[in-house]
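# When you get a sec, could you give me coordinates for this:
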Amino acid sequence: MTELNLRGLGVALITPFNNDGSVDFEALSRLIDFQLDNGTNYIVALGTTAETPTLSMQEKKEVSRFIVNIVNGRVPVVLGIGGNNTAALVEELKTTDFKGISAILSVAPYYNKPTQEGLYQHYKALSEASPLPIILYNVPGRTGVNITSETTLRIANDCRNVIAIKEASGNLGQIEEIIKGALEGFSVISGDDAVTTAVIELGGIGVISVFGNAFPKEMAWLVDSALRGDSKNAREKMEADFSDLFHLIFVEGNPAGVKSILSQKGMIINRLRLPLVPVSEKTSLLIKEALSNAKYI
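Alright, predicted model coming up:
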């Protein structure tokens with residue numbers, strides 16, 4: 001297995017937009033520094049939270065290059081490269097400039113709903129083409145297909161540069177099976193903020209977080225506490241201080257919730273690209289109230 005330390009807090013970075021819909025690079029720079037000044041261990045660029053499907057190929061290149069330049073080697077940068085056309089992804093992996101990128105996060109193929117054998121062959125092809133370590137991303141609520149524990153372990157065993165999985169199935173039994181069956185060097189990362197401590201208690205190494213966009217210091221504290229064996233107290237404090245926000249951040253979809261929080265904190269303009277729209281006025285008011293009630297760590 002290729003060695004890369006993904007232990008701790010990774011943040012799936014949003015893409016801020018200006019009022020005219022263009023990428024707000026000034027806000028993006030501030031967000032990156034905010035992350036790195038508050039305990040984030042690595043940045044995930046161009047994931048789901050970044051509204052990547054709405055970015056042009058040129059914008060994707062510009063955003064990834066910008067993130068790498070601002071991070072400037074301070075932490076690893078993981079780049080999202082995923083889709084449902086295996087051949088196109090193989091070509092992208094062969095032609096992309098990966099300077100400053102430490103690993104690739106690749107979501108399970110969506111919409112065309114491959115079988116488990118299809119998923120295995122898809123990731124095997126990506127593994128053979130990739131110059132960098134690969135992190136699988138299992139999120140059946142978005143893709144319509146679940147990568148089973150058996151398939152995950154088969155991929156991990158046969159594809160030595162597949163080093164981890166971001167698991168967002170919500171199935172703790174499946175996650176436990178992966179952790180127990182994995183060879184040394186293959187890691188499980190929570191893909192769901194709400195079950196971060198539970199996954200770490202099972203043997204996971206951290207989380208790739210949405211909530212961390214707005215509260216990196218707090219999420220870093222939670223993850224660090226859990227990794228040190230203090231999950232119970234960490235979970236109780238976070239639930240006491242942030243339970244409403246944990247719910248509200250996803251009630252109208254991601255990243256609409258976290259962008260509303262960041263906007264209310266004065267860090268970005270509350271702008272999304274269609275087909276996504278900002279949260280409703282009702283949810284926005286609930287977020288405002290929850291922010292005023294939150295006791296920051």
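# Show me how far stretch 134-142 is from its chain's centre.
From the chain centre to the centre of stretch 134-142 is a distance of 10 Å (CA atoms, centre = their mean, to the nearest Å).
# how long is that stretch end to end?
Criterion CA to CA, to the nearest Å; first-to-last residue distance in stretch 134-142 is 20 Å.
# ok, residues contacting that stretch?
For stretch 134-142, contacts defined as CB atoms under 8 Å, 6 or more residues apart in numbering pick out 6, 47-48, 78, 82, 103-108, 110, 123, 126-127, 146-147, 152, 155, 159, 161-170, 189, 191. Any C-beta I mention is one placed from the backbone N, CA and C, and that applies to glycine too.
# Any buried residues in the lowest-mean-pLDDT helix or strand in the chain, and which?
Using mean pLDDT, DSSP states H and E, helix 231-251 stands out as the lowest-scoring helix or strand of the chain, at a mean of 89. By 16 or more other CB atoms under 10 Å, the buried positions in helix 231-251 come out as 231, 234-235, 237-238, 241-242, 244-246, 248-250.
# Okay, and which of the contacts of stretch 134-142 map to strands?
Mapping the contacts of stretch 134-142 onto strands (DSSP state E) picks out 78, 103-107, 162-167, 189.
# a markdown table for these, including pLDDT?
Conversion of those to a markdown table gives the following (pLDDT from 0 to 100):
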| residue | pLDDT |
| --- | --- |
| 78 | 98 |
| 103 | 98 |
| 104 | 98 |
| 105 | 98 |
| 106 | 98 |
| 107 | 98 |
| 162 | 98 |
| 163 | 97 |
| 164 | 98 |
| 165 | 98 |
| 166 | 98 |
| 167 | 98 |
| 189 | 98 |
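# closest to residue 273 among the residues you listed?
Closest to residue 273 out of the ones in strands among the contacts of stretch 134-142 is residue 107 (18.5 Å), distances taken as CB to CB.
# in the sheet, who's paired with the closest one?
Judged by DSSP bridges, the bridge partners of residue 107 are residue 137.
# got the contact list for it?
For residue 107, the contacting residues are 48, 80, 82-83, 137, 139, 142-143, by CB under 8 Å, 6+ apart.
# again, but for residue 206
Residues near residue 206 by CB under 8 Å, 6+ apart: 6-10, 41, 189-190, 196, 200, 223, 227.
# Need phi/psi at it.
Backbone torsions for residue 206, taken as degrees, to the nearest 10, come to phi 150, psi -150.
# tell me the phi and psi of residue 199?
Main-chain dihedrals, residue 199, degrees, to the nearest 10: phi -70, psi -40.
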